[in-house]
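A.B. asks: following is a predicted model, sequence given first.
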Number of protein chains: 2
Amino acid sequence: MSEEASVKVWADPLRDFSARVFEKMGVPPDDAAVTADVLVAANLRGIDSHGVARLKRYVNGLCDGVMVARPDIEIVHETPGTALIDGGAGLGQPVGVRGMKLAIAKAQEMGVGFVAVRNSNHYGIAGYYSMMALREELIGISMTNAAVLVVPTFGKDAVLGTNPVSVAAPTGEERPFVLDMATSTVSRGKLEVYDRQEKPLPLGWATDEQGVTTTDARRVLDNLLARAGGGLLPLGGEGELLRGYKGYGLTLLVDILSGVLPGAGYATTIYPKTPEGKPLPANVGHFFGAIRIDAFRPLDEFKATMDDIIRRLKGSARAEGAERIYVHGEKEFEEEERRRREGIPLHPKTVAMMQQIARELGVEYDL
Amino acid sequence: MSEEASVKVWADPLRDFSARVFEKMGVPPDDAAVTADVLVAANLRGIDSHGVARLKRYVNGLCDGVMVARPDIEIVHETPGTALIDGGAGLGQPVGVRGMKLAIAKAQEMGVGFVAVRNSNHYGIAGYYSMMALREELIGISMTNAAVLVVPTFGKDAVLGTNPVSVAAPTGEERPFVLDMATSTVSRGKLEVYDRQEKPLPLGWATDEQGVTTTDARRVLDNLLARAGGGLLPLGGEGELLRGYKGYGLTLLVDILSGVLPGAGYATTIYPKTPEGKPLPANVGHFFGAIRIDAFRPLDEFKATMDDIIRRLKGSARAEGAERIYVHGEKEFEEEERRRREGIPLHPKTVAMMQQIARELGVEYDL
């Protein structure tokens, strides 16, 4: 998880500190608390790339005005089963939570509810929102588009984001099913890890400026920054051999549902800049859904069957050399238990960044 | 497409012949016509593994009584946005079309509609149903579980099906987006092609009886028949390197929505047999959804944006050596145009099988 010496902190003070930072930036207390909770939830689940390590980017966005601290969040259009929300260029987390809550309320009334959000920003881990449905014993769906990093099959240039999708389903005695995955093979963060460790990339993760799969992480990262061609490959890798076009199709599907459908940015129109290169509001889009299980079959039957399918998978014979068969979300639940017990390991650079933010904003740092 | 010398036939008489076969087996004329249409639609789109080549399996199923010619199809439960349908162990196509129509009707009323089906059979290509939504200018969703062929990540035995998912979205001037993909890397049919041609499988497609990726197609096919271990790999291949657990998660997700949610078969409980090895009704499950676009934003805006994202993708720079960037469904639409113009190429074995069915059932063969 953490590749270098790390500092351990506890979730509660980390959440409080993050909330204080957002409040200091003018974010209303409730929204600040929600945003901090989404970030720390990522750290707890071991997804450090989407945790407090991103704090600086949010602070910068709020400083620059491309993220609005007190946005006008508006329900633009509504039907019994759907809604479109405009996020007013605010933080992605508060409007994300609002959107998912509305999807849940609609599902409770109509059996299913879907809410699309436009004019938003990075909303953290997709799984935070899908898992909100678990508390109500619903199936939850969450997806978002994202900054351009992914090349389409047979393409040379990055045109799509890593566009993650998450679906969560309740269980009885087993841990809930929580699929939470970027639709690219890996994320940019993973390339950064390989670059720092000077390890060659596996072929099938990323392409160079000619659009050919490469082992050189630094080159891919530099090319992405310079928009010089190449980028991350969709799930299934390069070309058609291992069916990279299926991953590309999933990436595009997420952009259609969370970008095109709500009228948010999409493909290369997301994260726009002025002709002078100054960032404009990112216009990220999200798509949330909730499905009431007893709209189909009794909840207790569903949960018992979920337990059974999970046990069939985990109890099935293992491949040579394999120790364990996992079900999605399981590793993250275990990591969360460990980190609640032992603390959250933070990279020294993340700690230094938070201390600098504390000094600059005059916020107490007590971790 | 067709690996050996083939016979060309036209879509209309092929559909009529297939419908006559189903009628002769006792299927009501409307259901026979629908089932034939789904099969021939697969042939037209170039997905021959799901076309009339499967006719014999349906005839056998109807003969054996594991598929019911005149099932009692029943809406078991309904809310404004959802329904659960019991297919009465009938053919998958008629109940599939009925399920998708109901999802569309609910979406037109409520903004979104989702319908799950239990106690069904193989329903043909997933894309047939998602594309039904296009005629109404809706987004269509279709998925189904299937016979056990796929190994979970780190598993040795096949526990899940190739569980396909399809999503279709309307466009303006461009061809519609039609994603229609098995969540495994490849289908069993693809292994059969490699076996016939005595070609080594690419690593990452399938595993042997130890659960290790293999190039030996015959061995995988024999093992699957004998339930001796091994099977098809999920999208992303073996282990974690290229993120096969994401494909495994998608396969499982489809089984949760189309198997567990409606109370159909799932994992290894699908296609059950008696202790003596006699097949019982397969209890396949499906999941259909429809989303009304103007529940979110005006349809003409959506369609114009769909055209734009497709043009951005297709017009982006190509990787070295690549001729063209595709959008999902495009190849199949082009194949359909070609086959409507030039005829549908059928494998000689498929023709012989159909002629035998015609003789045995006393149905006119006029292709």
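C.D. replies: Yep, that arrived.
A.B. asks: and the closest residue to chain B within the stretch 151-300 of chain A, what does it touch?
C.D. replies: Nearest to chain B in the stretch 151-300 of chain A, going by CB to the nearest CB, is A:Gly211, at a distance of 2.7 Å. In short, each C-beta sits where N, CA and C put it, glycine included. Counting by CB atoms under 8 Å, 6 or more residues apart in numbering or on different chains, A:Gly211 makes contact with A:Val151, A:Phe154, A:Gly155, A:Lys156, A:Asp157, A:Gly229, A:Gly230, B:Ala317, B:Arg318, B:Ala319, B:Glu320, B:Ala322.
A.B. asks: remind me which residues of the stretch 151-300 of chain A are low pLDDT?
C.D. replies: With pLDDT under 70 as the threshold, the stretch 151-300 of chain A has no low-confidence stretch at all.
A.B. asks: just the strands in it please.
C.D. replies: A:165-169, A:177-181, A:206-207, A:231-232, A:284-292 (DSSP state E, counting those that start in this stretch).
A.B. asks: okay, now the sheet partners of the last one, with direction.
C.D. replies: On the basis of DSSP bridges, the sheet neighbours of strand A:284-292 come out as strand A:112-120 (antiparallel), strand A:138-144 (antiparallel).
A.B. asks: grab the most central residue of chain A for me.
C.D. replies: A:Ile125 (3.0 Å; CA atoms, centre = their mean).
A.B. asks: so what's A:Lys273 closest to, chain neighbours aside?
C.D. replies: A:Pro279 (5.5 Å; CB to CB, 6 or more residues apart in numbering or on different chains).
A.B. asks: what's the neighbour count on A:Gly26?
C.D. replies: Counted with other CB atoms under 10 Å in any protein chain shown, the neighbours of A:Gly26 add up to 11.
A.B. asks: got the domain ranges for chain A?
C.D. replies: A:1-64+A:317-367, A:73-185+A:233-314 (automatic domain parsing).
A.B. asks: go through these and pick out the most buried.
C.D. replies: Among the domains of chain A, domain A:73-185+A:233-314 has the highest mean neighbour count (mean count of other CB atoms under 10 Å in any protein chain shown), at a mean of 23.
A.B. asks: quick check: end-to-end length of it?
C.D. replies: Domain A:73-185+A:233-314 stretches 44 Å from its first residue to its last (CA to CA, to the nearest Å).
A.B. asks: and the stretch 1-150 of chain A, which of its residues are near chain B?
C.D. replies: A:77, A:79-82, A:84, A:107, A:109-114, A:116, A:139 (CB under 8 Å from any CB of the partner chain).
A.B. asks: run a quick neighbour tally on A:Arg196.
C.D. replies: 12.
A.B. asks: ok, for A:Pro80, nearest residue in space, not its chain neighbours?
C.D. replies: B:Met110 (4.7 Å).
A.B. asks: that neighbour contacts A:Gly113, doesn't it?
C.D. replies: No - B:Met110 is beyond contact range of A:Gly113, at 9.5 Å (criterion: CB atoms under 8 Å).
A.B. asks: overlap of the contact sets of these two?
C.D. replies: A:Gly81, A:Thr82, B:Gly81.
A.B. asks: mind putting these into JSON lines with pLDDT and distance to A:Pro94?
C.D. replies: Shown next, in JSON lines, are these (pLDDT from 0 to 100; distance: CB to CB, whole Å):
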{"residue": "A:Gly81", "pLDDT": "96", "distance to A:Pro94": "23"}
{"residue": "A:Thr82", "pLDDT": "98", "distance to A:Pro94": "20"}
{"residue": "B:Gly81", "pLDDT": "96", "distance to A:Pro94": "26"}
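A.B. asks: restricted to strands, list the residues you listed.
C.D. replies: Per DSSP state E, strands hold the following members of these: A:Thr82.
A.B. asks: need the shared contacts of B:Met110 and A:Gly113 in JSON lines (columns: distance to B:Ala133).
C.D. replies: Output for those, formatted as JSON lines (distance: CB to CB, whole Å):
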{"residue": "A:Gly81", "distance to B:Ala133": "15"}
{"residue": "A:Thr82", "distance to B:Ala133": "15"}
{"residue": "B:Gly81", "distance to B:Ala133": "15"}
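A.B. asks: ends of stretch A:229-241, what's the gap?
C.D. replies: 22 Å.
A.B. asks: which strand or helix spans A:Ala147?
C.D. replies: For A:Ala147, there is no enclosing helix or strand under DSSP states H and E.
A.B. asks: ok, for it, nearest residue in space, not its chain neighbours?
C.D. replies: According to CB to CB, 6+ apart, the nearest residue to A:Ala147 is A:Tyr271 (5.1 Å).
A.B. asks: tell me the SS of A:Met353?
C.D. replies: helix (DSSP: H, G, I helix; E, B strand; the rest coil).
A.B. asks: state the pLDDT value of it.
C.D. replies: The score at A:Met353 is 97. That number is its pLDDT.
A.B. asks: so the residue nearest to it when sequence neighbours are not counted is in which element?
C.D. replies: Nearest non-adjacent residue to A:Met353, counting by CB to CB, 6+ apart: A:Lys56, 5.2 Å away. If you go by DSSP H and E, A:Lys56 is part of helix A:55-64.
A.B. asks: show residues contacting that helix.
C.D. replies: Counting by CB under 8 Å, 6+ apart, residues outside helix A:55-64 touching it are A:18, A:21-22, A:25-27, A:35, A:39, A:67-69, A:91, A:121-122, A:279, A:353-354, A:357, A:361.
A.B. asks: filter these down to the ones in helices?
C.D. replies: A:Ser18, A:Val21, A:Phe22, A:Thr35, A:Leu39, A:Met353, A:Met354, A:Ile357, A:Leu361 (DSSP state H).
A.B. asks: A:Lys24 is in contact with the last one, correct?
C.D. replies: Yes - between A:Leu361 and A:Lys24 there is a contact at 4.7 Å, judged by CB under 8 Å.
A.B. asks: and the next element down the chain from the helix holding A:Lys56?
C.D. replies: strand A:74-78.
A.B. asks: tilt between that next one and strand A:112-120?
C.D. replies: For strand A:74-78 against strand A:112-120, the angle by axes from the mean of the first three to the mean of the last three CA atoms, to 10 degrees is 140 degrees.
A.B. asks: sorry, back to before: would you turn the strands paired with strand A:284-292 into TSV with mean pLDDT?
C.D. replies: Listed next are the strands paired with strand A:284-292 as TSV, based on pLDDT from 0 to 100:
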stretch	mean pLDDT
strand A:112-120	98
strand A:138-144	98
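A.B. asks: might one say that A:Thr305 is in contact with B:Tyr266?
C.D. replies: Yes - applying CB under 8 Å, one finds A:Thr305 in contact with B:Tyr266, separated by 6.9 Å.
A.B. asks: shared neighbours, these two?
C.D. replies: B:Val260.
A.B. asks: which parts of chain A are helices?
C.D. replies: A:11-24, A:29-44, A:55-64, A:92-110, A:126-135, A:188-196, A:217-226, A:244-255, A:299-314, A:330-342, A:348-361.
A.B. asks: where among those is average confidence lowest?
C.D. replies: When I compare those, helix A:188-196 is least confident, with a mean of 91.
A.B. asks: got the buried residues for that helix?
C.D. replies: Residues A:Arg188, A:Lys190, A:Leu191, A:Tyr194, A:Asp195 are the ones in helix A:188-196 that count as buried (16 or more other CB atoms under 10 Å in any protein chain shown).
A.B. asks: between those, which sits nearest B:Lys246?
C.D. replies: Nearest to B:Lys246 among these: A:Lys190, at 13.1 Å, using CB to CB.
A.B. asks: quick one: contacts for that closest one?
C.D. replies: A:Trp205.
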